[in-house]
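[1] Sequence and predicted structure, then a few things I'm wondering about:
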Amino acid sequence: MLSARTIYGEIFDHDEAFGLFCSIAAGGEAQGGWENGRIAALVPGSQAGLAAKIARHGADEDKHGRIFAALLRKRGLEPVAVPADADYAMRLEAAGIGLAHARLRRGEQLTEAGVVACLAHCRVTGQRASEPMRALRRHAGDRPGIARAVRVIGRDEDNHLACCHEELLRLAAAGHGAVIRAALRAAALAGIAVYRDVSLAVLAHLGRMLGWPGPKAAVLAAGIRGVYACERPGGWRRMVALRRPARRDALGGAVPAQPGRG
Ligand SMILES: [Fe+2]
Ligand SMILES: [Fe+2]
């Protein structure tokens, strides 16, 4: 039967598929850690409080990368190279979403508009990170190692999203409302197409590894296209709404110590 639970089960039970799944996740998390670390260092002095929260976010993403790497290690697997078509962060950058890595590497201080663009990107990708964690939490219940990892990461992702809502509302109240709305819309609309393309690519790689028959792969691919068909006319709006989060200052406090980081 084709259910999310059985598909996840097939991936978790198959070394090569599980290796690819964790490698893609670990790579994406580490990338997010690097990006947020760079952004935190480039935030203008007028937004120093925000810089600390972005640094905290980066530290969490680095931790998530280590969690997925540990899942691989426990299974006796080595990380594998992430295929370019399955590299979500790289494809988002190619679509012009968020700040270009070359710009982050150059180390020029961000303007307030640049900060708004980063937070809008973060609001949209944060929801993308948070939603599959909820699904995984439901479907990894009988695999304690994976369930624990997903619980920890999911809780962090909810905090990241809460922080984005809170900070974007603060900047909107400070007069950046129109820029924020435009940045959120652009990030969401480009993001849904990239998400569809990356999901189809990942599905194709996993399907080959798991030996899925053509009709099964076709049904799953149709499901991904169906999600896009719902998101394109209006489903994307759920990723741009701003609400005061139940948890305030979710990323307040000190940045946790990073093993291996100076
Ligand atoms: Fe993460
Ligand atoms: Fe995050």
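    On my side now, so go ahead. Ligands and ions are numbered 1, 2, ... in the order given.

[2] Next, see if whatever helix or strand Gly49 lives in gets close to ligand 2.
    Using DSSP states H and E, Gly49 sits within helix 48-74. No. Applying C-beta under 5 Å from the ion, one finds helix 48-74 separated from ligand 2 by no less than 5.6 Å. Placement of C-beta: from N, CA and C, glycine included.

[3] Which single residue of this protein approaches ligand 1 most closely?
    His64 (3.9 Å; C-beta to the ion).

[4] Could you pull up the residues touching that residue?
    His64 makes contact with Ala25, Glu29, Gly32, Gly33, Ile153, Asp156, according to C-beta atoms under 8 Å, 6 or more residues apart in numbering.

[5] Apply 7 Å and report the result again.
    His64 is in contact with Glu29, Ile153, Asp156, counting by C-beta atoms under 7 Å, 6 or more residues apart in numbering.

[6] Give me the distance between the residue nearest to Gly207 when sequence neighbours are not counted and Ala129.
    Excluding the flanking residues, the one nearest Gly207 by C-beta to C-beta, 6 or more residues apart in numbering is Ala217, at 4.3 Å. According to C-beta to C-beta, to the nearest Å, Ala217 and Ala129 sit 25 Å apart.

[7] and the helix or strand following the helix holding Gly49, C-alpha only, in CSV?
    Downstream of helix 48-74, the first helix or strand assigned by DSSP H and E is helix 88-94. Extracted in CSV, the C-alpha atoms of helix 88-94 (Å, rounded to 0.1, in the frame of the first residue of the first chain):
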residue,chain,number,x,y,z
TYR,A,88,17.8,22.4,-2.1
ALA,A,89,20.0,25.2,-0.8
MET,A,90,22.0,25.4,-4.0
ARG,A,91,18.9,25.4,-6.2
LEU,A,92,17.2,28.1,-4.1
GLU,A,93,20.3,30.2,-4.5
ALA,A,94,20.3,29.6,-8.2
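
[8] Could you shift the numbering so residue one becomes 37, and keep it that way?
    Okay, using 37 as the starting number, the last item reads as helix 124-130.

[9] Spell out which parts of the chain neighbour ligand 1.
    Glu65, Glu97, His100.

[10] What is the nearest of those to Arg221?
    The nearest member of the residues of the chain next to ligand 1 to Arg221, counting by C-beta to C-beta, is Glu97 at 24.7 Å.

[11] Who are the contact partners of that closest one?
    Glu65, Gly68, Gly69, Asn72.

[12] Distance to Gly270, neighbour count and pLDDT added to those, as TSV?
    Putting the contacts of Glu97 into TSV (distance: C-beta to C-beta, whole Å; neighbours: other C-beta atoms under 10 Å; pLDDT from 0 to 100) gives the following:
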residue	distance to Gly270	neighbour count	pLDDT
Glu65	30	23	95
Gly68	28	24	94
Gly69	33	22	96
Asn72	30	24	96
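
[13] Let's have those residues in TSV, adding distance to Arg174 and secondary structure.
    What follows is the contacts of Glu97, written out as TSV (distance: C-beta to C-beta, whole Å; DSSP: H, G, I helix; E, B strand; the rest coil):
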residue	distance to Arg174	secondary structure
Glu65	21	helix
Gly68	23	helix
Gly69	26	helix
Asn72	28	helix
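
[14] Tell me the one of these nearest Arg273?
    Gly68 (23.9 Å).

[15] Which residue is the nearest non-sequential neighbour of that closest one?
    Leaving out its chain neighbours, Gly68 is closest to Glu97 (C-beta to C-beta, 6+ apart), at 3.8 Å.

[16] same question, Leu128
    Using C-beta to C-beta, 6+ apart, the closest residue to Leu128 is Val230 (5.4 Å).

[17] Equivalent analysis for Ala183, please.
    Ala176 (4.5 Å).

[18] Ala218 versus the residue of the chain closest to ligand 1, what's the distance?
    Distance of His100 to Ala218, given as C-beta to C-beta: 30 Å.

[19] Provide a list of residues in contact with Asn195.
    Arg283, Ala286, Leu287.

[20] Give me the phi and psi for it.
    Per-residue torsions, Asn195: phi -70, psi -40 (degrees, to the nearest 10).
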